[in-house]
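Student: Fold the following for me, if possible:
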Amino acid sequence: MQPEENLISKKLLLEKYSISYGALYRWKRKGLIPEEWFIKRSTVTGQETFFPKDLIFKRVELILSNKEDILLDELAKKISGDEENNAKIVIDTVFGEKTFRIKDIKSIKRVLENGESTDLSEILKF
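Tutor: Below is the predicted model:
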């Protein structure tokens, strides 16, 4: 998990860039904003969505500065780059399935009850 100061709430993000909820989720559907950037957290008012500040700020600014000159689908292709660069790992659990781009994974660890941990990143060659 990232420290709270590195996250921004969806509400504040929409206000900061004067974008609509609909635009944000359209960008998500088109692949302009990765699913894994949508971080759900419990708050006193229920569940809210947060984003990694540095990543989302750069991406929103890129989208906004290009949306008049290029179609969103073309921008999504440009952002995504080649397939190898966007390879993903899918983790399927009893709680559901979660997908991550391999290039975004810092490490994967196996942690036992006694606290002993094994870094699986080397075994999986990340």
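Student: tell me which residues of the helix or strand residue 24 falls within are tucked away?
Tutor: Element membership for residue 24 (DSSP states H and E) is helix 21-29. Neighbour-count burial for helix 21-29 flags 23, 24, 27 (criterion: 16 or more other C-beta atoms under 10 Å). Using the backbone N, CA and C atoms, a C-beta is placed for each residue, glycine as well.
Student: So which residues of this protein form helices?
Tutor: Assigned by DSSP state H, the helices in the chain fall at 10-17, 21-29, 53-66, 72-80, 121-124.
Student: Ok, which of the ones you listed comes nearest residue 109?
Tutor: helix 121-124 (7.9 Å; C-beta to C-beta).
Student: With only the CA atoms kept, save the closest one in PDB.
Tutor: Extracted in PDB, the C-alpha atoms of helix 121-124 (Å, rounded to 0.1, in the frame of the first residue of the first chain):
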ATOM      1  CA  SER A 121       9.900 -11.500  -7.600                       C
ATOM      2  CA  GLU A 122      13.300 -13.200  -8.400                       C
ATOM      3  CA  ILE A 123      11.700 -16.500  -9.000                       C
ATOM      4  CA  LEU A 124       9.100 -15.000 -11.300                       C
END
